[in-house]
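Participant: Return atomic coordinates for the entry below.
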Amino acid sequence: MARKLLNLVTTMSIICSTQALADAPPESLQLKWGIGAAIISQDQGYVGIGNETEFVPAVAIQYGNFSLLGPRANYKVYQTEQFEISLSAHLRLDGFEANDSDYFIGMEDRDMSFDAGFEMEYDTSFGEFGFEFMHDVSSTHKGYEASVSYGVPFRFEDGRVFPYIAANFQSEDLVDYYYGVQATEALTNRAFYLGDSSTAFEVGIQSDWFLGKHHMIKADISYTSYGSEIKDSPLVDASGSAQIILGYVYVF
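Facilitator: Numbers count the residues shown, from 1 in each chain. Predicted coordinates for the structure are as follows:
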């Protein structure tokens, strides 16, 4: 169940962050919203789970500086032509349930958390730079994640293609919670494992295509390469996670 919710969050957040919603002037209090659906195919690398393909809804709301993209909320506190700072909060729906795979029987569920923090974006003539810091405020994994990214947007008459790279640093507490094996969970084929802080590298291409004023098609592909601290976990049998998203949103 946690994996399905994570797919839902990812799809909502990526699909609904489109020009049709995000390019409204910040001083405008006009309500903008959109609904749609997407197909997402993803393999997170957990043992015995493999690739999953889901059909999920997508919902977005924007009102002035505030936006709600699925379970992610964002409020812009400072903005210029090139630079902006926002306060952010979202549900981190990583993890698994013991019944997701026979391999996880006997383990405690790894639950979602509520993370909050801030993000910054700086646009230049040679690309967009981003930074985000999010910390668990629900005392679930009790850790944090810091991410830096760089991408170059290519704009066309009817859409945009955005290749990017990113580095995502996850703290020791976060990695140990989602990828560690407690002493009480250890078995002959599932050794005790204490997770350490780790950095994952991501590369991908996002694309948005607009058909008239109200119709948008989304097509994304990405791959995240796990750090050794995650790859060495007995809960993982892959070196990274691949994802493909195809979606449609109607913007009102």
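
Participant: ok, the closest residue to Gln82 other than its chain neighbours - contacts?
Facilitator: Spatial nearest neighbour of Gln82, chain neighbours left out: Asp123 (4.8 Å); criterion: C-beta to C-beta, 6 or more residues apart in numbering. (Glycine included, C-beta is placed from N, CA and C.) Residues in contact with Asp123 (C-beta atoms under 8 Å, 6 or more residues apart in numbering) are 81-83, 129.

Participant: got CSV for the residues you listed, with pLDDT too?
Facilitator: Converted to CSV, the contacts of Asp123 look like this (pLDDT from 0 to 100):
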residue, pLDDT
Glu81, 90
Gln82, 94
Phe83, 96
Phe129, 98
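
Participant: Sitting in strands, which of those residues do you find?
Facilitator: 83, 129 (DSSP state E).

Participant: secondary structure element for Val175?
Facilitator: Assigned by DSSP states H and E, Val175 belongs to helix 172-179.

Participant: Restricting to C-alpha, output that helix in PDB.
Facilitator: Provided in PDB are the C-alpha atoms of helix 172-179 (Å, rounded to 0.1, in the frame of the first residue of the first chain):
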ATOM      1  CA  GLU A 172      21.400   8.200   8.600                       C
ATOM      2  CA  ASP A 173      18.100   8.100  10.400                       C
ATOM      3  CA  LEU A 174      16.100   8.200   7.200                       C
ATOM      4  CA  VAL A 175      18.200   5.500   5.400                       C
ATOM      5  CA  ASP A 176      18.200   3.200   8.400                       C
ATOM      6  CA  TYR A 177      14.400   3.500   8.900                       C
ATOM      7  CA  TYR A 178      13.500   2.600   5.300                       C
ATOM      8  CA  TYR A 179      16.400   0.300   4.400                       C
END
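
Participant: Show me what the mean pLDDT comes to for whichever helix or strand comes after it.
Facilitator: Downstream of helix 172-179, the next assigned helix or strand under DSSP H and E is strand 198-211. Strand 198-211 comes out with an average pLDDT of 94.

Participant: Stretch 179-186 now?
Facilitator: 95.

Participant: Give me the distance between the two termini of it.
Facilitator: End-to-end span of stretch 179-186 (C-alpha to C-alpha, to the nearest Å): 13 Å.

Participant: quick one: contacts of that stretch?
Facilitator: Residues outside stretch 179-186 that contact it (C-beta under 8 Å, 6+ apart): 106-108, 190-195, 229-230, 233-236.

Participant: List just the nearest of the residues you listed to Val175.
Facilitator: Of all these, Gly195 has the smallest distance to Val175: 3.8 Å, by C-beta to C-beta.

Participant: hang on, that closest one packs against Pro234?
Facilitator: No. Using C-beta atoms under 8 Å as the test, Gly195 is too far from Pro234 to be in contact (10.8 Å).

Participant: out of the two, which sits in the more crowded spot?
Facilitator: Higher neighbour count among Gly195 and Pro234: Gly195, with 23 against 18, using other C-beta atoms under 10 Å.

Participant: Below-threshold pLDDT in the stretch 101-250 of the chain: ranges please.
Facilitator: The stretch 101-250 of the chain contains no residues with pLDDT under 70.

Participant: all helices for it, in order.
Facilitator: For the stretch 101-250 of the chain, the helices defined by DSSP state H, counting those that start in this stretch occupy 172-179, 228-231.

Participant: How many residues are close by the nearest residue to Ala37 once chain neighbours are set aside?
Facilitator: In this structure, Ala37 finds its nearest non-sequential neighbour in Pro57, 5.5 Å apart by C-beta to C-beta, 6+ apart. Residues near Pro57, counting by other C-beta under 10 Å, number 14.

Participant: re earlier: what's the most buried one of the helices of the stretch 101-250 of the chain?
Facilitator: Using mean count of other C-beta atoms under 10 Å, the stretch among those with the largest mean neighbour count is helix 172-179, at a mean of 22.

Participant: before we move on, the earlier item: which among the contacts of Asp123 gets closest to Thr199?
Facilitator: The closest of those to Thr199 turns out to be Phe129 (C-beta to C-beta; 17.6 Å).
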